[in-house]
Structure formats: structure tokens, C-alpha cells
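Student: Okay, structure incoming, though there's no sequence with it:
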């Protein structure tokens, strides 16, 4: 069953992000003193908040359930897969 509130919230957030990216931040950057820094800070804060929310979700909902659902061998295999994935992440050029 689809939760109408969740759909509305998601759509509102999507519209708000689009408005900010296409309309608000370009004007802030162009017209306000220090606008580049303000826009960058706002976007960084939004990103950090999203990452924190994602990590909290995984730590409270996903990992406890996996600990109960997986065998020790499966947990070890998942850990190995994580290490492999980390090794394959492209590094940023300095």
C-alpha cells in the first residue's frame, strides 16, 4: 500500500531541490555578496544531513536485522565484498 504522505513529501522535496538547483542558487551566486560560498555551504549542509539520515537508517534498521538474519559465514562474505568494493572505488585526482 502506498503512503500518500510519503509520496507528497518525496514529490515536494524533488520539486524543492529542482527549484533550488535551477533557480535559487544561480541567483544567489550571481547577485549576493559571497553568494558562491553561501550556495556551496547550503548544498554541503543538505548533503551532510542526507548522509547522516542514510547512515542512521542503516545502523538502526538494516544492520541489526542482518546480524540476526545472516550466518557468521555470510557476514564474513559480506565484509569481504565490502573490502573488494572499497578497493575498486576510484580515488580523486590530487
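Tutor: It's in. Owing to the predicted nature of the structure, the values given are computational and were not obtained by experimental measurement. Numbers count the residues shown, from 1 in each chain.
Student: What segments of the chain are helices?
Tutor: 4-19, 25-31, 35-57, 63-69, 72-87 (DSSP state H).
Student: okay if I get those as CSV plus mean pLDDT?
Tutor: Compiled in CSV, those are given as follows (pLDDT from 0 to 100):
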stretch, mean pLDDT
helix 4-19, 75
helix 25-31, 94
helix 35-57, 93
helix 63-69, 88
helix 72-87, 88
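Student: hey, which of these is tucked in deepest?
Tutor: helix 25-31 (a mean of 13; mean count of other CB atoms under 10 Å). In this view, the C-beta of every residue, glycine as well, is placed from N, C-alpha and C.
Student: Name the residues that touch it?
Tutor: Contact with helix 25-31 is made by 35-36, 38-39, 42-43, as judged by CB atoms under 8 Å, 6 or more residues apart in numbering.
Student: Among those, which one sits closest to residue 77?
Tutor: residue 43 (37.1 Å; CB to CB).
Student: which residue packs closest to that closest one, ignoring adjacent ones?
Tutor: Once flanking residues are discounted, residue 43 sits nearest to residue 25: 7.2 Å by CB to CB, 6 or more residues apart in numbering.
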